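Colleague: for reference, the sequence and a predicted model appear below.
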Amino acid sequence: MRWKNELLDRSGRHLPYLLPVDPTLHWANPPGGTGERDGHSMFRSTPGPYTGPVPIVTHLHGGQNTEESDGYPEAWYLPEAVDIPAGYARVGSYYDVFKHKAEAAYDVTWDPGEAVFQYANDERAATLWFHDHALGVTRLNVYAG
């Protein structure tokens, strides 16, 4: 399954999340760059809501998946937008680890703004569902429905 983050407008610019994102919580943190992604941000004063590009990674809830196809919270990725601010981390700290593992195991290529997962679909009959699993954003997706 090829998952693409296409949260872009018609001009290829990123769309903001539809709810306010509190950047003071433990979350994906693209503005932190590669050094401070996936962590608690430190601020001298309370910032406004994050309005940058939306990090995503898809998780099959209840699926029996290998780690590179599990939608690990720190394996998020941003859309391939034309206006990603300089210094932003474009992927989570585990994205490249799982990208290389999947490319080697399944002979697939992950392009920027996407991930390719393999689902064995060998579970017993059960209720399974897909949901975004990006670090610190899952709570907002529940509110969004």
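Modeller: Looks like it came in fine.
Colleague: A115 - that's part of a helix, no?
Modeller: No: remark: A115 does not belong to a helix; assigned using DSSP: H, G, I helix; E, B strand; the rest coil, it is strand.
Colleague: measure it to R2 for me?
Modeller: The gap separating A115 from R2 is 8 Å, by CB to CB, to the nearest Å. (C-beta placed from N, C-alpha, C; glycine too.)
Colleague: looking at these two, which is more packed in?
Modeller: Using other CB atoms under 10 Å as the criterion, A115 and R2 rank with A115 on top: 26 against 11.
Colleague: hmm, that one is touching H59, no?
Modeller: No: between A115 and H59 there is no contact under CB atoms under 8 Å: 11.0 Å.
Colleague: in this structure, which helix or strand is least confident?
Modeller: helix 138-144 (a mean of 84; mean pLDDT, DSSP states H and E).
Colleague: list of residues touching stretch 3-20?
Modeller: 49-58, 77-84, 113-117, 137, 140, 143-144 (CB atoms under 8 Å, 6 or more residues apart in numbering).
Colleague: next one: stretch 132-145
Modeller: 17-19, 21, 25-29, 38, 54-59, 71-74, 76, 92, 131.
Colleague: who are the packing partners of the longest helix anywhere in the chain?
Modeller: Using DSSP state H to define each element, the chain has its longest helix at helix 95-106. Here helix 95-106 touches strand 114-116, going by 3 or more CB pairs under 8 Å, 6 or more residues apart in numbering; DSSP states H and E.
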